[in-house]
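quick one, structure for this:
(2 chains)
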Amino acid sequence: MSAAMQAEGYNFAYLDEGTKRMIRRALLKAVAVPGCQIPFGSREMPLPYGWGTGGIQVTASVVGPDDVLKVIDQGADDTTNAVSIRRFFARVAPGLRTTERTAEASIIQTRHRIPELPLREGQVMVYQVPQPEPLFRLEPRRAETRRLHALADYGLMQVKLYEDIARHGRVGSSYDHPVMVGGRYLMSPSPIPSFDNPKMHMSPALQLFGAGRERRLYAVPPYTDVRSLDFEDHPFVPLRANGTCALCGARDTYLDEMVTDDRGGRLFVCSDTDYCGTRQAEAVA
Amino acid sequence: MYVAVKGGEAAIANAHSWLAEERRGNPAVPEIGTDQIQEQLTLAVDRVMAEGSCYDPALAALAIKQARGDLIEAIFLLRAYRTTLPRFCATLPLDTGEMLARRRISATYKDLPGGQVLGPTFDYTHRLLDFALAAEGAVPPPAPEADPGEDTNCLRVTAMLAEEGLMAPEEVSEVEPGDVTRTPLSYPAGRALRLQNLARGDEGFLLSMAYSTQRGYGNNHPFVGEIRQGEVTVEIVPPELGFAIEIGDITVTECQMVNQFDGSRTELPQFTRGYGLVFGRTERRAMSMALVDRALRAEELGEEVAAPAQDEEFVLSHSDNVEATGFLEHLKLPHYVDFQSELETVRAMRAAAMHETMREAAE
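Below is the predicted model:
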């Protein structure tokens, strides 16, 4: 990104230092109580609510000029909103390097996916969260859900999962499947496919979650127990399309389905573009 | 090989240059100046300032121009700018009693001290398109001016009722109110934060909520005690001075709705107040705000909370149009990862159901 693109008159990473400190304090609290939603004074950002303002504020608060930032949306670095957010940081955070390589990144801001490449210690995952309250479809009043979290009363969710199984033979939530963090707090993993849920468990990376519009932060510290909610006789099963990536041949990744013609033609490709690209390059070499 | 259509930097940049071209429109038509917007689209400017929570007509006019007249987009631009501004201090409470009123009406008294002043209003105009405005050039003749008269001091209608003990007194608090733009709301929010939230809430939302109380969703029997509109002085006390100084005048509209209250075991029947105060001349929003404020006092006044407009969490968490539009429009963002999971789930459920049907048929 050329220097000419950089926005003048703004502090490093857009937010003023006072705001960053406020957010970091809330993040510390979130790390200290894994999975617990911490209210924070979310600011109005120059990107719309629902488009990653929570994630952007978290990233802005923890990023430094020595960091290497990767931004993905649907697993891909080249989706429009990922491009837009990466450009935003390139404009307002002089010196910051951006990358598309999962292995190189120190901070990965994501919407809807966890990279296929296992994360390592020292990396920070920043999730964009539309709805931090895992119970909101069952109880819309946040005043009430706060009480339920305080009492660890998650019967509503257990009953919902039970009803899914009784009606459909399986749990109905294929993404944003709720998890128990550290055996205490029920947490929304953000709308990642349930395929990605197991990657959260005992991850060596620090996982931070930002919900700007709902003004909540939460966190999963490294090596924390994260269990997808299930029953002994109906264990959690992560789902993926039963196919092979047409580009790299992977059989164990999360796949996007492409419609290739109007006669029912379909093919599958990895949703994680960096992982897929790396595998293709390795195959050539 | 099929290549997935995914956006890139170039696509975004091209889309934005097209947008700039569309914004300008036909270059043969003279460009609109922000001064023209500020002077001639005053009510749009007022709405953007009110919901943008930033009193700056020039910036609001710029936002309207940049947003191609999309007021919610303009409000968003102004909010995003506002959030970067430093905060020096809070102003002293505005004294609307000292307002230099351009308009002041009461629906509860035929005549009252200070008089009824219609001011520049759409009320009583016939809504007929004025084709003369389509032609350029004509400056309207100056409106006749009345003598200021002796009734310059406008006593508040609610104060008159209060003198008789008919108006429920408001709870006085010297506590510095919170700031909805800095601290997340939690419920119950309390009236100060509630009013703050409503003052910047979406006009359409406030109007509909207020309207619903008039149609029976919520117990409301409102009268316009008073609407006043005009300039008030803004004062601050800089810490290094220790006394108040005036920093400017702003135009505001205040609405005090008077509502009947049946009384309770401990209180005699009396009137209660719904309060609205907004930037600019956005009278519709001041009135809506006052009705919604009163509806939200249901719990405090021991009334049954049954209608949406009486539900604090419902109203306050859905009033903000920048939040609402952002979240609604995020549905345009790609969701194919989630959708893929849904596809697999539905396919698996269908396969299981079909298997079951075939097994039953075989038996």
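
strands paired with whichever strand in chain B runs longest, and their directions?
In chain B, ranked by residue count with DSSP state E as the criterion, the top strand is strand B:245-261. Sheet pairing here is set by DSSP bridges, and for strand B:245-261 it gives strand B:222-236 (antiparallel), strand B:270-279 (antiparallel).

out of those strands, which is closest to B:Y109?
strand B:222-236 (8.9 Å; Cβ to Cβ). Bear in mind the C-beta positions are built from the backbone N, C-alpha and C, glycine included.

mean confidence score for the closest one?
Mean pLDDT, strand B:222-236: 94.

report the buried residues of it.
Within strand B:222-236, the residues scored as buried using 16 or more other Cβ atoms under 10 Å in any protein chain shown are B:P222, B:V224, B:G225, B:E226, B:I227, B:R228, B:Q229, B:G230, B:V232, B:T233, B:E235.

just the CA trace of stretch B:12-25, in CSV.
Extracted in CSV, the C-alpha atoms of stretch B:12-25 (Å, rounded to 0.1, in the frame of the first residue of the first chain):
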residue,chain,number,x,y,z
ILE,B,12,-13.9,-2.1,-5.1
ALA,B,13,-11.9,0.8,-6.5
ASN,B,14,-13.8,0.7,-9.8
ALA,B,15,-17.2,0.5,-8.0
HIS,B,16,-16.2,3.5,-5.9
SER,B,17,-15.3,5.6,-8.9
TRP,B,18,-18.6,4.7,-10.5
LEU,B,19,-20.3,5.8,-7.3
ALA,B,20,-18.4,9.2,-7.4
GLU,B,21,-19.7,9.7,-11.0
GLU,B,22,-23.2,8.8,-10.0
ARG,B,23,-23.1,11.2,-7.1
ARG,B,24,-22.2,14.0,-9.3
GLY,B,25,-24.9,13.2,-11.9
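
what about the closest residue to B:A132 other than its chain neighbours, how many residues close to it?
Spatial nearest neighbour of B:A132, excluding adjacent residues (Cβ to Cβ, 6 or more residues apart in numbering or on different chains): B:A138 at 6.7 Å. By other Cβ atoms under 10 Å in any protein chain shown, 8 other residues sit near B:A138.

assign a three-state SS to B:A138, would you?
coil (DSSP: H, G, I helix; E, B strand; the rest coil).

from A:Y10, how far off is it?
Per Cβ to Cβ, to the nearest Å, B:A138 is found 46 Å from A:Y10.

show me where pLDDT drops low in chain B?
For chain B, the stretches with pLDDT under 70 are B:1-7, B:148-153.

the helices in it, which residues?
Listed in chain order, the helices of chain B (DSSP state H) span B:9-24, B:34-40, B:42-51, B:57-66, B:71-82, B:157-163, B:191-199, B:203-214, B:283-296, B:312-316, B:321-329, B:336-362.

nearest to A:R147, of those helices?
Minimum separation from A:R147 across those (Cβ to Cβ) falls at helix B:312-316, 13.2 Å.

is chain A within reach of the closest one?
Yes. For helix B:312-316, a contact with chain A is found by Cβ under 8 Å from any Cβ of the partner chain, at B:E313.

pretty sure A:P178 contacts A:K160?
No. Using Cβ atoms under 8 Å as the test, A:P178 is too far from A:K160 to be in contact (9.3 Å).

ok, back up a step: and the helices of chain B as TSV, adding mean neighbour count?
Formatted as TSV, the helices of chain B follow (neighbours: other Cβ atoms under 10 Å in any protein chain shown):
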stretch	mean neighbour count
helix B:9-24	11
helix B:34-40	15
helix B:42-51	24
helix B:57-66	22
helix B:71-82	22
helix B:157-163	18
helix B:191-199	20
helix B:203-214	20
helix B:283-296	27
helix B:312-316	20
helix B:321-329	19
helix B:336-362	14
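
can I get stretch B:236-249 in CSV, CA atoms only?
Extracted in CSV, the C-alpha atoms of stretch B:236-249 (Å, rounded to 0.1, in the frame of the first residue of the first chain):
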residue,chain,number,x,y,z
ILE,B,236,-19.6,25.4,29.7
VAL,B,237,-17.5,25.8,32.8
PRO,B,238,-13.9,25.3,31.8
PRO,B,239,-12.0,23.8,34.8
GLU,B,240,-9.3,26.5,34.6
LEU,B,241,-11.8,29.3,34.9
GLY,B,242,-14.3,27.9,37.3
PHE,B,243,-17.2,30.0,36.0
ALA,B,244,-19.6,29.5,33.1
ILE,B,245,-18.9,31.0,29.7
GLU,B,246,-21.2,31.0,26.6
ILE,B,247,-19.8,29.1,23.7
GLY,B,248,-22.6,29.6,21.2
ASP,B,249,-26.3,29.3,20.4
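
can you give the distance of it from its chain's centre?
Taking Cα atoms, centre = their mean, to the nearest Å, one finds the center of stretch B:236-249 at 28 Å from the center of the full chain.

same check, this time on stretch B:89-103
Using Cα atoms, centre = their mean, the distance from the centre of stretch B:89-103 to the centre of the chain it belongs to is 19 Å.

could you tell me the end-to-end distance of it?
Stretch B:89-103 stretches 30 Å from its first residue to its last (Cα to Cα, to the nearest Å).

and it, does that touch chain A?
No. Applying Cβ under 8 Å from any Cβ, one finds stretch B:89-103 separated from chain A by no less than 15.2 Å.

quick one: contacts for residue 124?
Since no chain was named, I'll use chain A. Contact analysis of A:V124 by Cβ atoms under 8 Å, 6 or more residues apart in numbering or on different chains lists A:V62, A:S106, A:I107, A:I108, A:A205, A:L206, A:Q207, A:L208.

try again with chain B
By Cβ under 8 Å, 6+ apart, the residues touching B:Y124 are B:L118.

try A:R227
Counting by Cβ under 8 Å, 6+ apart, A:R227 has contacts A:V179, A:M180, A:G183, A:H201.

check A:A26 too.
Contacts of A:A26 were listed using Cβ under 8 Å, 6+ apart, and they are A:I38, A:P39, A:F40, A:L217.

and A:E44, what's its pLDDT?
91.

pretty sure it sits against B:D320.
No. Counting by Cβ under 8 Å, A:E44 sits too far from B:D320 to count as a contact (10.0 Å).

which stretches in the stretch 101-250 of chain A count as strands?
A:107-111, A:124-128, A:179-181, A:185-187, A:206-211, A:216-220, A:226-228 (DSSP state E, counting those that start in this stretch).

roughly how far apart are A:E8 and A:P94?
Between A:E8 and A:P94 the computed distance is 10 Å (Cβ to Cβ).

and the stretch 101-250 of chain A, which of its residues are near chain B?
A:111-113, A:130, A:141-143, A:168-170, A:172, A:174-176, A:191-195, A:213, A:215-216, A:239-241, A:246.

can you report how many residues neighbour B:G216?
By the criterion of other Cβ under 10 Å, B:G216 has 9 neighbours.

still on that earlier bit, what residues sit buried inside the longest strand of chain B?
Neighbour counts over strand B:245-261 (16+ other Cβ under 10 Å) mark B:I250, B:T251, B:V252, B:T253, B:E254, B:C255, B:Q256, B:M257, B:V258, B:N259, B:F261 as buried.

so B:E9 is in contact with A:V83, correct?
Yes. Using Cβ under 8 Å, B:E9 is in contact with A:V83, at 5.6 Å.

got JSON lines for the buried residues of strand B:245-261, with distance to A:G155 too?
Formatted as JSON lines, those follow (distance: Cβ to Cβ, whole Å):
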{"residue": "B:I250", "distance to A:G155": "52"}
{"residue": "B:T251", "distance to A:G155": "54"}
{"residue": "B:V252", "distance to A:G155": "50"}
{"residue": "B:T253", "distance to A:G155": "49"}
{"residue": "B:E254", "distance to A:G155": "48"}
{"residue": "B:C255", "distance to A:G155": "46"}
{"residue": "B:Q256", "distance to A:G155": "47"}
{"residue": "B:M257", "distance to A:G155": "43"}
{"residue": "B:V258", "distance to A:G155": "47"}
{"residue": "B:N259", "distance to A:G155": "41"}
{"residue": "B:F261", "distance to A:G155": "40"}
